[in-house]
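Novice: starting from these lines, generate the structure:
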Amino acid sequence: MIKTIVNAWKVADIRKKLLFTAFIILVFRIGSVIPVPFLNIVDEISVGKGNTILTYLSLMTGSAFTYGTIFAMSITPYINASIIMQLLAVAIPALERLQKEGEEGRKKIASITRFVTVALGLLQSLAYFFYLRANGYLMMDVNGAAFTGFDAVFQAVVIIAVLTAGTAVIMWLGEQITISGIGNGISIILFAGIVSRFPTLIKQLFQYLDTGRLVYRFLVPIVCVIFILMIAYIVFMDNSERRLPISYAKRVVGRKMMGGQSTHMPIKVNMSGVLPVIFASSILSLPGTVQMFLSSDKYAGTFWEKFFDAFQGDSWWYALMYFLLIIFFAYFYSTIQYNPIEMANNLRKNNGAIPGIRPGKPTSDYIFRVLSRLTLIGALMLSVIALFPIIYSLICDLAIQPLTEGGNDGGMTISLGGTSLIIMCGVALETVRQLESQMMMRHYKGFLD
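Specialist: Model prediction:
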């Protein structure tokens, strides 16, 4: 990876794109520390304990959410809008036709996604404002009382408008990276937000070492080694693929003999990426979010107390439900993304076939079986990364929790969130691949050379 970046830096055009991408990331990070007007946040906004929607948003926004900055919503509304559009394209025939219309269709879908992003950003900003007001994070008047009347309305409009505008600006910055920079802009911004938390993690590790306790002198190096091994495992998982052999029959076109080639159809083992983990963690965080708005005295000693405890990150029930949901969403996503019948028909139209498999329904059934097995293997590999911090915490009783969670009982809290690691490694690998492809294009010798 380092060699690729060094070689890319030597090419003037790619160097300009790298500098442009770095500039956009700098603008994003500056906006992530500029506070929203009319907020009074001394330290950090409380996102509750355990597994909640707020801790998830804090992770995805690089702590901008917990400091009430203009980019507090970050790129999450755009990600949600993109997922919604993908799901609607399966259910709505008009959107499905747009996807198949080529470049013009994709432009129309991208335009619709932008409007959906702004709408989701507005709803999310509105909910965020009510949460800030309920917890006393809004600025008071000179008498120390909350604003009333027109002042209160003006305060609400400004806060919500700034947060919504921040969502639109981040979406625009991501598109500029995609057009004039290197890599997918939305992924790059998400990557930058997650990486921005690393200095805090490194500082935390040194604080554990400064305590002088012998147990930390053993645990800190172990955590660093595990971190490196997890990255290597994610890279292996991302590069793993199943190659289906494809043979094309010979045919005569005019006076030329066409076809007769043998190639392969690559299918990634982890074809759904990190989406199953994101979906599963989002659903499991809903009970914890509801618990934040309830008084513990109302459900103490009842069934609901055991119910909410089962959805805490340090519960075996939580680990089991997390595992089952990851497998379910992996199959769900692969089902809407891959159509074995359509793949078999495309092979048949191009005079292609899988050796030993008859064209038509036998080919689609074979592809379906391969996809089912690969989906299960990919889901299991994802589960290893997602569940490792939870299982490690349960076995060692050390509260090794995701990046957004706080410590408990003075224990050792180390961030080994599988979701953030998968996103980081996936974005880094994809960006390096784009750098290599662009360098290959610039070094390709044409017929005039």
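
Novice: need the contact list for Ser372.
Specialist: By C-beta atoms under 8 Å, 6 or more residues apart in numbering, Ser372 lies in contact with Tyr331. To be clear about C-beta, it is placed using only N, CA and C from the backbone, and glycine gets the same treatment.

Novice: what's the burial count for Arg217?
Specialist: 12 (other C-beta atoms under 10 Å).

Novice: that one against Leu205, yeah?
Specialist: No: with contact defined as C-beta atoms under 8 Å, Arg217 does not reach Leu205; the gap is 11.4 Å.

Novice: below-threshold pLDDT in the stretch 251-400 of the chain: ranges please.
Specialist: Applying pLDDT under 70 to the stretch 251-400 of the chain flags residues 251-260, 289, 291-301, 313-314, 392-400.

Novice: where do the helices of it begin and end?
Specialist: Counting by DSSP state H, counting those that start in this stretch, residue ranges of the helices within the stretch 251-400 of the chain are 275-292, 296-299, 303-310, 316-337, 340-349, 361-396.

Novice: out of the ones you listed, which is closest to Ile234?
Specialist: Closest to Ile234 of the helices of the stretch 251-400 of the chain, according to C-beta to C-beta: helix 361-396, at 6.3 Å.

Novice: give the buried residues for the next helix or strand after the closest one.
Specialist: Later in the chain than helix 361-396, the nearest helix or strand by DSSP states H and E is helix 418-442. By neighbour count on 16 or more other C-beta atoms under 10 Å, the buried set for helix 418-442 is 418-428, 430-432, 434-435, 438-439.

Novice: quick one: contacts of helix 418-442?
Specialist: 1, 4-5, 7-8, 11, 13-14, 59, 182-184, 187-188, 190-191, 194-195, 230-231, 234-235, 238-239, 273-274, 277-278, 281, 382, 385-389, 402-403.

Novice: okay, Ile24 and Asp210: tell me how far apart.
Specialist: 37 Å (C-beta to C-beta, to the nearest Å).

Novice: let's have the helices of the stretch 251-400 of the chain in a markdown table, adding distance to Thr263.
Specialist: A markdown table is the format used below for the helices of the stretch 251-400 of the chain (distance: least, C-beta to C-beta, whole Å):
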| stretch | distance to Thr263 |
| --- | --- |
| helix 275-292 | 29 |
| helix 296-299 | 60 |
| helix 303-310 | 50 |
| helix 316-337 | 22 |
| helix 340-349 | 11 |
| helix 361-396 | 16 |
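
Novice: show me where the stretch 101-250 of the chain has strands.
Specialist: 241-248 (DSSP state E, counting those that start in this stretch).

Novice: count the neighbours of Met271 for me.
Specialist: The number of residues packed near Met271 is 17, by other C-beta under 10 Å.

Novice: which residues touch Gly185?
Specialist: Per C-beta under 8 Å, 6+ apart, neighbours of Gly185: 24, 173-179.

Novice: how about the helices of the stretch 251-400 of the chain, which one is nearest Phe20?
Specialist: helix 275-292 (28.5 Å).

Novice: helices or strands up against the closest one?
Specialist: helix 53-60, helix 303-310, helix 316-337, helix 361-396, helix 418-442 (3 or more C-beta pairs under 8 Å, 6 or more residues apart in numbering; DSSP states H and E).

Novice: average pLDDT for the following helix or strand past the first one, rounded please.
Specialist: Of the helices and strands lying after helix 53-60 in sequence (DSSP H and E), the nearest is helix 64-67. When the per-residue pLDDT values of helix 64-67 are averaged, the result is 80.

Novice: can you tell which of the helices of the stretch 251-400 of the chain is closest to Asn143?
Specialist: Minimum separation from Asn143 across these (C-beta to C-beta) falls at helix 275-292, 29.9 Å.

Novice: now the angle between helix 361-396 and the closest one, please.
Specialist: Helix 275-292 and helix 361-396 are oriented at 50 degrees to each other (axes from the mean of the first three to the mean of the last three C-alpha atoms, to 10 degrees).

Novice: what's the spacing between Gly352 and Tyr366?
Specialist: Distance from Gly352 to Tyr366, by C-beta to C-beta: 13 Å.

Novice: who's more crowded, the two?
Specialist: Gly352 (20 against 17).

Novice: is the more buried one in contact with Tyr248, as I believe?
Specialist: Yes: the pair Gly352 and Tyr248 passes the contact test of C-beta under 8 Å, sitting 4.8 Å apart.

Novice: picking up where we left off before, of Ile24 and Asp210, who's got more company?
Specialist: More crowded of Ile24 and Asp210, by other C-beta under 10 Å: Ile24, with 21 against 9.

Novice: could you look up the SS state of the more buried one?
Specialist: helix (DSSP: H, G, I helix; E, B strand; the rest coil).

Novice: sorry, back to before: which one of the helices of the stretch 251-400 of the chain lies nearest to Pro199?
Specialist: helix 361-396 (20.0 Å).

Novice: got the contact list for Phe147?
Specialist: 138-141, 155.

Novice: count the residues that sit near Pro35.
Specialist: Neighbour tally, Pro35, other C-beta under 10 Å: 14.

Novice: same deal with Gly193?
Specialist: Residues near Gly193, counting by other C-beta under 10 Å: 27.

Novice: still on that earlier bit, dump the helices and strands packed on helix 275-292 to CSV, plus distance to Asn80.
Specialist: Output for the helices and strands packed on helix 275-292, formatted as CSV (distance: least, C-beta to C-beta, whole Å):
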stretch, distance to Asn80
helix 53-60, 10
helix 303-310, 25
helix 316-337, 15
helix 361-396, 20
helix 418-442, 15
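
Novice: please work out which of those helices is packed deepest.
Specialist: By mean neighbour count, with neighbours taken as mean count of other C-beta atoms under 10 Å, helix 53-60 ranks first of the helices and strands packed on helix 275-292 at a mean of 22.

Novice: helices and strands around that one, which ones?
Specialist: Going by 3+ C-beta pairs under 8 Å, 6+ apart, helix 53-60 lies up against helix 64-67, helix 76-91, helix 185-195, helix 275-292.

Novice: those helices into a markdown table, with extra columns for distance to Phe332?
Specialist: Output for these, formatted as a markdown table (distance: least, C-beta to C-beta, whole Å):
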| stretch | distance to Phe332 |
| --- | --- |
| helix 64-67 | 28 |
| helix 76-91 | 10 |
| helix 185-195 | 22 |
| helix 275-292 | 8 |
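
Novice: for Ile25, see how far away Ile182 is.
Specialist: 11 Å.

Novice: where do the contact lists of these two overlap?
Specialist: Joint contacts of Ile182 and Ile25 (C-beta under 8 Å, 6+ apart) are Ile188.
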